[in-house]
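Asks: sharing a model prediction with you, sequence too.
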Amino acid sequence: PDLFEAPDYYNIDDLLTEEHKLIRDAARAWVKRDVSPIIEEAAQKAEFPKSIIPGLAEIGAFGPYIPTEYGGAGLDQISYGLIMQEIERGDSGVRSTASVQSSLVMYPIWKYGNEAQRKKYLPKLATGEWMGSFGLTEPDHGSNPAGMVTNFKDKGDHYLLNGAKLWISNSPFCDVAVVWAKNEEGRIHGLIVERGMEGFSTPETHNKWSLRASATGELIFQDVKVPKENLLPNKSGLGAPLGCLDSARYGIAWGAIGAAMDCYDTALRYSKERIQFGKPIGAFQLQQKKLAEMITEITKAQLLSLRLGQLKNEDKATSAQISMAKRNNVEIAIKIAREARQMLGGMGITGEYSIMRHSMNLESVITYEGTHDIHLLITGLDVTGFNAFK
Ligand code: TGC
Ligand code: FAD
């Protein structure tokens with residue numbers, strides 16, 4: 001009752017289980033109660049609202065598909081997607097915090113870590129007692145992470161870590177960071193770096209016009225002594241961080257639909273109430289064209305994500321399929337945000353409505369986790385067999 005009525009033009013709810021709907025509605029109610037009232041101010045002030053961390057944990061946003069024995073929610077991939085959708089309907093920055101914690105910090109510890117690491121970190125990350133960040137991108141290596149220069153040397157009883165990561169979500173307040181660095185042979189490994197280790201600092205990046213309610217910063221390592229037990233032992237090479245990205249990108253494909261739904265819903269309501277030339281603006285063909293195209297694209301994105309979720313549940317989704325969904329759904333969301341903003345006229349640029357915030361946030365979402373162009377090249381490679389990256 002009284003929840004956001006999400007567009008469901010093709011009765012996609014009929015394809016969900018009762019559990020999916022319960023999980024989605026719990027996340028939806030939480031966003032309405034705890035995120036929507038505070039998010040505009042947080043974005044205006046460019047502050048991550050830490051008060052929402054326990055709520056994120058409660059709705060299962062930290063490790064939705066991580067087994068319950070490690071504190072995760074033990075849910076399937078569609079539930080994970082629906083949670084991301086609801087959170088991003090509130091704000092992409094809040095979804096970023098959840099994506100990083102779940103797919104980029106808990107996932108590698110669960111998949112590539114040993115039992116001691118899983119037991120030490122996962123339960124505290126699941127409750128939000130500890131917050132994590134993921135360091136892959138460097139100042140000179142964004143789309144091409146294989147070129148990274150951050151490195152560690154074997155010093156007998158510990159590793160010595162040097163380098164710097166840039167554009168790191170959650171960095172300014174993280175307790176632990178999963179950091180990707182090269183060993184002396186140039187092989188990429190994941191290391192768990194903890195706040196307080198000497199030589200490790202996390203300066204914040206200011207003056208963002210996008211994702212303002214998410215804290216972004218650097219991870220700087222100057223001769224950081226990392227205990228040997230903090231190396232993730234079970235996978236190395238670029239495929240290890242890329243495997244984490246597959247999981248996060250999948251969540252973003254769902255999340256972007258949430259942002260698009262919120263923009264569409266706002267524009268639709270406005271179009272019925274705003275009178276110009278003696279009629280609601282929704283009665284004019286040009287405004288109807290915008291709304292009709294928005295609901296068409298949202299419906300297509302929902303079906304794409306749901307099918308991808310089924311494939312993921314069966315462990316059959318390919319990285320290229322995930323790239324297609326991330327790229328498509330973020331693109332339709334950014335276009336919908338732009339059109340919806342225009343439908344609100346001057347009101348559309350204010351913080352009275354969420355659209356402009358979504359629009360600005362999505363400029364980050366279309367860039368991070370692989371840019372729009374990188375995902376196109378992944379599809380291009382997949383269908384032609386020719387690598388156009390290099
Ligand atoms: P390439 O030679 O293609 O691959 C190297 C190795 O990785 C394997 N691989 C994958 N494994 C798992 N999942 C994937 N998606 C994979 N893609 C490739 C591949 O099989 C190979 O394995 P092996 O065993 O043969 O060594 O690598 P490349 O150097 O040519 O690069 C390919 C490229 C450009 C697609 C890739 O590097 C890329 O995706 N670049 C974009 C970088 C990116 O997405 N960065 C994101 C940083 S994290 C972030 O943005 C968080 S935002 C916060 C939030 O989520 O909210
Ligand atoms: P570049 O790689 O320099 O790309 C610049 C342009 O060139 C892009 O348009 C790109 O598409 C294009 N381009 C690059 N290579 C090619 C090519 N081969 N062919 C055609 N075009 C090409 N990273 C993390 O590791 N952890 C995080 O938590 C994290 N959070 C982020 C949060 C925010 C708010 C932002 C903005 C970024 C975050 N990132 C994070 C970094 C993000 O993943 C990178 O910004 C992204 O991968 C792109 O890298 P870049 O910015 O260096 O751009």
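Replies: Everything's here; your move. None of the values given here were measured: they were computed from a predicted structure. Ligands and ions are numbered 1, 2, ... in the order given.
Asks: any idea how far Ile322 is from the closest residue to Ala248 other than its chain neighbours?
Replies: Nearest residue to Ala248, sequence neighbours excluded (Cβ to Cβ, 6 or more residues apart in numbering): Ser103, at 3.8 Å. In short, each C-beta sits where N, CA and C put it, glycine included. For Ser103, the distance to Ile322 equals 11 Å [Cβ to Cβ, to the nearest Å].
Asks: common neighbours of the two, please.
Replies: Both Ser103 and Ile322 are in contact with Tyr250, where contact means Cβ atoms under 8 Å, 6 or more residues apart in numbering.
Asks: quick check: mean pLDDT across the host helix or strand of Ile109?
Replies: Ile109 is part of helix 107-112 when elements are defined by DSSP states H and E. Taken as a whole, helix 107-112 carries a mean pLDDT of 98.
Asks: in whichever helix or strand comes after that helix, what counts as buried?
Replies: Under the assignment DSSP H and E, the closest C-terminal helix or strand after helix 107-112 is helix 115-127. Buried residues in helix 115-127, counted by 16 or more other Cβ atoms under 10 Å: Gln117, Arg118, Lys120, Tyr121, Leu122, Pro123, Lys124, Leu125, Ala126.
Asks: alpha carbons of helix 115-127, in CSV - could you do that?
Replies: Extracted in CSV, the C-alpha atoms of helix 115-127 (Å, rounded to 0.1, in the frame of the first residue of the first chain):
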residue,chain,number,x,y,z
GLU,A,115,38.1,-19.8,4.4
ALA,A,116,39.9,-17.7,7.0
GLN,A,117,39.5,-14.5,4.9
ARG,A,118,35.8,-15.3,4.2
LYS,A,119,35.1,-15.8,8.0
LYS,A,120,37.1,-12.7,9.0
TYR,A,121,35.6,-10.2,6.5
LEU,A,122,32.3,-11.3,5.0
PRO,A,123,30.0,-11.2,8.1
LYS,A,124,31.2,-7.7,9.0
LEU,A,125,30.8,-6.5,5.5
ALA,A,126,27.3,-8.0,5.3
THR,A,127,26.1,-5.9,8.3
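Asks: show residues contacting that helix.
Replies: Counting by Cβ under 8 Å, 6+ apart, residues outside helix 115-127 touching it are 54, 57, 62-63, 66, 70-73, 101, 105-106, 109-110, 113, 130-132, 176, 192, 229-230, 232.
Asks: and these near ligand 1, which?
Replies: Among those, none lies close to ligand 1 by the criterion of Cβ under 6 Å from any ligand atom.
Asks: of those, select the buried ones using a PyMOL command.
Replies: Those of the contacts of helix 115-127 that count as buried under 16+ other Cβ under 10 Å are selected in PyMOL with:
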select buried, resi 57+62+63+66+70+71+72+73+101+105+106+109+110+113+130+131+132+176+192+230+232
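Asks: sitting in strands, which of the contacts of helix 115-127 do you find?
Replies: Using DSSP state E, the subset of the contacts of helix 115-127 located in strands is Gly132, Val176, Ile192.
Asks: average pLDDT for the helix ranked longest in the chain?
Replies: Longest helix in the chain, counting residues (DSSP state H): helix 239-273. In this model, helix 239-273 carries a mean pLDDT of 98.
Asks: now do the same end-to-end measure for stretch 379-390.
Replies: Taking Cα to Cα, to the nearest Å, stretch 379-390 runs 15 Å from one end to the other.
Asks: ligand 2: which of the ones in strands among the contacts of helix 115-127 is nearest?
Replies: Gly132 (9.8 Å; Cβ to the nearest ligand atom).
Asks: which parts of the stretch 251-390 of the chain sit against ligand 1?
Replies: Ser319, Tyr368, Glu369, Gly370, Ile374, Ile378, Phe389.
Asks: the residues you listed: which ones sit near ligand 2?
Replies: Tyr368, Glu369, Ile374, Phe389.
Asks: narrow these to those that are buried.
Replies: For these, buried by 16+ other Cβ under 10 Å: Tyr368, Glu369, Ile374.
Asks: how about these in TSV, adding secondary structure and pLDDT?
Replies: TSV is the format used below for those (DSSP: H, G, I helix; E, B strand; the rest coil; pLDDT from 0 to 100):
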residue	secondary structure	pLDDT
Tyr368	coil	98
Glu369	coil	98
Ile374	helix	98
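Asks: OK, contacts around Ile59?
Replies: Counting by Cβ under 8 Å, 6+ apart, the residues that Ile59 touches are Ile23, Ala26, Ala27, Trp30, Ile83.
Asks: can you list the residues of the stretch 151-300 of the chain near ligand 2?
Replies: Checking the stretch 151-300 of the chain against ligand 2 by Cβ under 6 Å from any ligand atom, the hits are Trp167, Ile168, Ser169, Leu211, Thr216.
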